[in-house]
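S.K.: I would like the atomic coordinates for the input below:
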Amino acid sequence: MSDAAFLTLLFDSPLQSWGFASRFQRRTTGMRPTKSGVIGLICAAIGLAKGSSEERELLPKLAKVRMFVQRFPGIDVQARSVTELRGMEGLRVRSRYAELGQQFGVTWKGRDYDKSNWNLADNVNRALSAANASLYALCAAVVCSLGYLPALGFVHDGGTLPFIYDVADLYKEITSLPAAFHAIRQNPNDQGELVRAMLKERVEQERLLQRMPKNLEELFA
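M.R.: The predicted model follows:
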């Protein structure tokens, strides 16, 4: 049992709808609570007026939490803005792609794919997309089974699954990314079967199903 203080929120009522994407005067609604909706409820619950200086001080803290600490050990993330940290994350990931290309002898031209046209991407980009999609599904299963909100993202925002992408990014470098490059080195024409098999092996080797619940608990401790 953890001795850390925590807040449990139960969203249970009929006919729930949550606005998560707005365009002009129209707003799309979803079935799950959104990041802004949950944070707004937390602020209201502790008595912070909308637009107040106290609210403006709290929101950046809620946005950064410990997720950036895991990405940048040894760096004072509290001293940097979320925009700066996202930029640092993007640079770090791009460097890692290049390193994996050299390590596995796979030509790397950059992350480039079109969701609407799978065939436009090169082999390694298709392998990365296939491996990441499988990792997202695994993370979603764990996150939802533990009662966390998929829509309450911190690094990612928008849509209904930003927290899934946040969690998956913590493990990509040891699972989906090397699995994709390794698969393409062995079979440049792999259609997804080999990369998924290699992802499964890495998930088992890294004991991801055992690690992820503990990491999530530490994240919110």
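
S.K.: where does this structure dip in pLDDT?
M.R.: 1-28, 30-37, 56-57, 59-67, 69-70, 77-78, 220-221 (pLDDT under 70).

S.K.: What are the boundaries of the helices in it?
M.R.: For the chain, applying DSSP state H gives helices covering 35-45, 53-64, 67-71, 82-104, 123-145, 162-169, 176-186, 193-205, 208-219.

S.K.: Those helices: which one's closest to Asp112?
M.R.: Among these, the nearest to Asp112 by CB to CB is helix 123-145 (5.9 Å). To be clear about C-beta, it is placed using only N, CA and C from the backbone, and glycine gets the same treatment.

S.K.: coming back round to it: could you dump the helices of the chain to JSON lines with mean neighbour count?
M.R.: JSON lines is the format used below for those (neighbours: other CB atoms under 10 Å):
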{"stretch": "helix 35-45", "mean neighbour count": "15"}
{"stretch": "helix 53-64", "mean neighbour count": "13"}
{"stretch": "helix 67-71", "mean neighbour count": "18"}
{"stretch": "helix 82-104", "mean neighbour count": "14"}
{"stretch": "helix 123-145", "mean neighbour count": "19"}
{"stretch": "helix 162-169", "mean neighbour count": "23"}
{"stretch": "helix 176-186", "mean neighbour count": "23"}
{"stretch": "helix 193-205", "mean neighbour count": "17"}
{"stretch": "helix 208-219", "mean neighbour count": "14"}
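
S.K.: so can I have JSON lines of those helices showing distance to Lys115?
M.R.: Compiled in JSON lines, the helices of the chain are given as follows (distance: least, CB to CB, whole Å):
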{"stretch": "helix 35-45", "distance to Lys115": "23"}
{"stretch": "helix 53-64", "distance to Lys115": "27"}
{"stretch": "helix 67-71", "distance to Lys115": "25"}
{"stretch": "helix 82-104", "distance to Lys115": "19"}
{"stretch": "helix 123-145", "distance to Lys115": "9"}
{"stretch": "helix 162-169", "distance to Lys115": "14"}
{"stretch": "helix 176-186", "distance to Lys115": "17"}
{"stretch": "helix 193-205", "distance to Lys115": "18"}
{"stretch": "helix 208-219", "distance to Lys115": "26"}
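
S.K.: Of all the ones you listed, which one comes closest to Tyr113?
M.R.: Tyr113 lies closest to helix 123-145 among the helices of the chain, at 4.8 Å (CB to CB).

S.K.: What helices and strands are in contact with that closest one?
M.R.: helix 162-169, helix 176-186, helix 193-205, helix 208-219 (3 or more CB pairs under 8 Å, 6 or more residues apart in numbering; DSSP states H and E).

S.K.: Any idea how far the longest one is from the middle of the chain?
M.R.: Taking the mean of its C-alpha atoms, helix 193-205 sits 20 Å from the chain's own mean (CA atoms, centre = their mean, to the nearest Å).

S.K.: Right, I'll leave it there.
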